[in-house]
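K.L.:
Need a 3D model of the sequence below.
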Amino acid sequence: MVQTGSGPGVLVGVGTHKPEVIELVEEQGWDIDFYAGCVYNRTRSAAEWRQLLNGQLPEMPGEVYIQSDPERMYKVMRQTAKTCFAFKILAAGRIGDDGIAQAFRTAYASIKPHDGVYVGMFPRSKDEVRENAEIVHGILAGA
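P.N.:
A predicted model of the protein is given here:
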(Lines give C-alpha, C1' and ligand atoms only; values in the text may rest on other atoms or scores of the structure.)
Protein backbone atom coordinates (compact mmCIF):
# COMPACT_ATOMS: atom_id res chain seq x y z
CA MET A 1 0.00 0.00 0.00
CA VAL A 2 1.25 3.45 -0.88
CA GLN A 3 1.23 6.03 1.89
CA THR A 4 1.25 9.73 1.06
CA GLY A 5 0.22 12.89 2.80
CA SER A 6 -3.23 12.45 1.24
CA GLY A 7 -3.95 9.18 3.01
CA PRO A 8 -3.38 5.49 2.41
CA GLY A 9 -3.42 4.31 -1.18
CA VAL A 10 -3.86 7.74 -2.74
CA LEU A 11 -1.26 8.96 -5.20
CA VAL A 12 -0.88 12.71 -5.52
CA GLY A 13 0.48 14.44 -8.60
CA VAL A 14 1.02 17.88 -10.02
CA GLY A 15 0.19 18.61 -13.64
CA THR A 16 1.52 21.66 -15.43
CA HIS A 17 2.34 23.29 -18.74
CA LYS A 18 5.31 25.15 -17.25
CA PRO A 19 8.63 23.51 -16.34
CA GLU A 20 9.10 26.23 -13.73
CA VAL A 21 6.18 24.81 -11.73
CA ILE A 22 7.94 21.45 -11.39
CA GLU A 23 11.14 23.23 -10.34
CA LEU A 24 9.24 25.23 -7.70
CA VAL A 25 7.44 22.17 -6.30
CA GLU A 26 10.77 20.33 -6.10
CA GLU A 27 12.44 23.29 -4.35
CA GLN A 28 9.63 23.49 -1.83
CA GLY A 29 9.64 19.72 -1.23
CA TRP A 30 5.94 19.08 -1.67
CA ASP A 31 4.73 15.59 -0.67
CA ILE A 32 3.71 14.37 -4.11
CA ASP A 33 4.23 11.15 -6.02
CA PHE A 34 4.40 12.19 -9.68
CA TYR A 35 4.29 14.99 -12.24
CA ALA A 36 2.40 15.34 -15.51
CA GLY A 37 4.08 17.83 -17.81
CA CYS A 38 2.83 19.20 -21.08
CA VAL A 39 5.93 19.40 -23.24
CA TYR A 40 4.58 22.55 -24.90
CA ASN A 41 4.07 25.61 -22.73
CA ARG A 42 0.42 26.45 -23.40
CA THR A 43 0.07 29.14 -20.73
CA ARG A 44 2.33 32.02 -21.72
CA SER A 45 1.15 35.49 -20.79
CA ALA A 46 1.17 38.39 -23.26
CA ALA A 47 4.36 39.67 -21.60
CA GLU A 48 6.04 36.26 -22.02
CA TRP A 49 5.04 36.14 -25.70
CA ARG A 50 6.42 39.66 -26.25
CA GLN A 51 9.72 38.67 -24.66
CA LEU A 52 9.94 35.46 -26.67
CA LEU A 53 8.93 37.12 -29.95
CA ASN A 54 10.92 40.35 -29.74
CA GLY A 55 7.97 42.52 -28.79
CA GLN A 56 5.47 40.90 -31.12
CA LEU A 57 2.26 39.11 -30.17
CA PRO A 58 0.85 36.17 -32.12
CA GLU A 59 -2.69 36.58 -33.41
CA MET A 60 -3.67 33.21 -31.95
CA PRO A 61 -1.41 32.55 -28.95
CA GLY A 62 -3.44 29.46 -28.03
CA GLU A 63 -2.43 27.84 -31.32
CA VAL A 64 1.33 28.46 -31.18
CA TYR A 65 3.61 25.53 -30.42
CA ILE A 66 7.27 26.47 -29.98
CA GLN A 67 9.69 23.74 -31.12
CA SER A 68 12.14 24.42 -28.29
CA ASP A 69 9.52 23.90 -25.55
CA PRO A 70 9.75 20.09 -25.28
CA GLU A 71 13.48 20.18 -24.55
CA ARG A 72 12.86 22.46 -21.56
CA MET A 73 10.15 20.26 -20.05
CA TYR A 74 12.09 17.04 -20.64
CA LYS A 75 15.15 18.52 -18.93
CA VAL A 76 13.14 19.36 -15.80
CA MET A 77 11.50 15.92 -15.83
CA ARG A 78 14.92 14.24 -15.90
CA GLN A 79 16.08 16.32 -12.94
CA THR A 80 13.50 14.93 -10.51
CA ALA A 81 13.59 11.42 -9.10
CA LYS A 82 9.79 11.38 -9.12
CA THR A 83 7.88 9.66 -11.90
CA CYS A 84 6.87 12.00 -14.71
CA PHE A 85 4.29 11.66 -17.46
CA ALA A 86 4.88 13.70 -20.61
CA PHE A 87 1.82 14.76 -22.55
CA LYS A 88 0.92 16.66 -25.69
CA ILE A 89 4.12 15.36 -27.32
CA LEU A 90 2.46 15.60 -30.75
CA ALA A 91 1.59 19.30 -30.32
CA ALA A 92 -2.15 18.56 -30.25
CA GLY A 93 -2.06 17.06 -33.73
CA ARG A 94 -0.01 19.85 -35.26
CA ILE A 95 3.01 17.65 -35.94
CA GLY A 96 2.72 16.25 -39.45
CA ASP A 97 2.73 12.55 -40.22
CA ASP A 98 6.42 12.73 -41.15
CA GLY A 99 7.32 13.98 -37.64
CA ILE A 100 5.23 11.71 -35.43
CA ALA A 101 7.78 8.92 -35.06
CA GLN A 102 10.48 11.46 -34.24
CA ALA A 103 8.29 13.08 -31.57
CA PHE A 104 7.86 9.67 -29.93
CA ARG A 105 11.61 8.90 -30.23
CA THR A 106 12.46 12.25 -28.68
CA ALA A 107 10.00 11.68 -25.84
CA TYR A 108 11.29 8.22 -24.95
CA ALA A 109 14.93 9.30 -25.29
CA SER A 110 14.26 12.30 -23.05
CA ILE A 111 12.43 10.76 -20.10
CA LYS A 112 13.65 8.51 -17.29
CA PRO A 113 13.15 4.72 -17.54
CA HIS A 114 10.25 4.77 -15.04
CA ASP A 115 8.49 7.75 -16.66
CA GLY A 116 5.65 7.55 -19.17
CA VAL A 117 4.05 9.27 -22.13
CA TYR A 118 0.40 9.71 -22.92
CA VAL A 119 -1.11 11.09 -26.08
CA GLY A 120 -4.54 12.06 -27.21
CA MET A 121 -5.80 10.59 -30.44
CA PHE A 122 -8.57 11.38 -32.88
CA PRO A 123 -8.73 8.33 -35.16
CA ARG A 124 -11.29 9.75 -37.56
CA SER A 125 -9.40 9.67 -40.84
CA LYS A 126 -6.79 7.03 -40.02
CA ASP A 127 -6.03 4.41 -37.38
CA GLU A 128 -3.90 6.58 -35.08
CA VAL A 129 -4.13 4.07 -32.25
CA ARG A 130 -2.54 1.31 -34.36
CA GLU A 131 0.02 3.63 -35.93
CA ASN A 132 1.11 5.10 -32.59
CA ALA A 133 1.23 1.67 -30.96
CA GLU A 134 3.44 0.37 -33.78
CA ILE A 135 5.77 3.36 -33.48
CA VAL A 136 6.08 2.99 -29.70
CA HIS A 137 6.53 -0.79 -29.92
CA GLY A 138 9.34 -0.29 -32.41
CA ILE A 139 11.05 2.28 -30.18
CA LEU A 140 10.76 0.25 -27.00
CA ALA A 141 11.78 -2.97 -28.74
CA GLY A 142 14.89 -1.19 -30.03
CA ALA A 143 13.94 -1.41 -33.72
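
K.L.:
Specify the local secondary structure of residue 15.
P.N.:
At residue 15 the chain is in strand, as set by DSSP: H, G, I helix; E, B strand; the rest coil.

K.L.:
And the strands in this protein?
P.N.:
Secondary structure of the chain (DSSP state E): strands located at 3-4, 7-8, 13-16, 34-38, 83-87, 116-118.

K.L.:
Mind checking the ones you listed for the one nearest to residue 69?
P.N.:
Closest to residue 69 of the strands of the chain, according to C-beta to C-beta: strand 34-38, at 8.6 Å. Backbone N, C-alpha and C define where each C-beta goes, glycine included.

K.L.:
where in the chain is pLDDT low?
P.N.:
1-8, 143 (pLDDT under 70).

K.L.:
Which parts of it are helices?
P.N.:
Secondary structure of the chain (DSSP state H): helices at 19-28, 46-52, 69-79, 97-110, 128-140.

K.L.:
Same list, the ones you listed, but as JSON lines with mean neighbour count please.
P.N.:
Putting the helices of the chain into JSON lines (neighbours: other C-beta atoms under 10 Å) gives the following:
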{"stretch": "helix 19-28", "mean neighbour count": "14"}
{"stretch": "helix 46-52", "mean neighbour count": "12"}
{"stretch": "helix 69-79", "mean neighbour count": "18"}
{"stretch": "helix 97-110", "mean neighbour count": "15"}
{"stretch": "helix 128-140", "mean neighbour count": "14"}
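
K.L.:
okay, the strands of the chain in CSV with mean neighbour count next?
P.N.:
Listed next are the strands of the chain as CSV, based on neighbours: other C-beta under 10 Å:
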stretch, mean neighbour count
strand 3-4, 11
strand 7-8, 8
strand 13-16, 16
strand 34-38, 21
strand 83-87, 20
strand 116-118, 14
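
K.L.:
JSON lines for these, including distance to residue 64?
P.N.:
JSON lines is the format used below for the strands of the chain (distance: least, C-beta to C-beta, whole Å):
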{"stretch": "strand 3-4", "distance to residue 64": "36"}
{"stretch": "strand 7-8", "distance to residue 64": "40"}
{"stretch": "strand 13-16", "distance to residue 64": "18"}
{"stretch": "strand 34-38", "distance to residue 64": "14"}
{"stretch": "strand 83-87", "distance to residue 64": "18"}
{"stretch": "strand 116-118", "distance to residue 64": "22"}
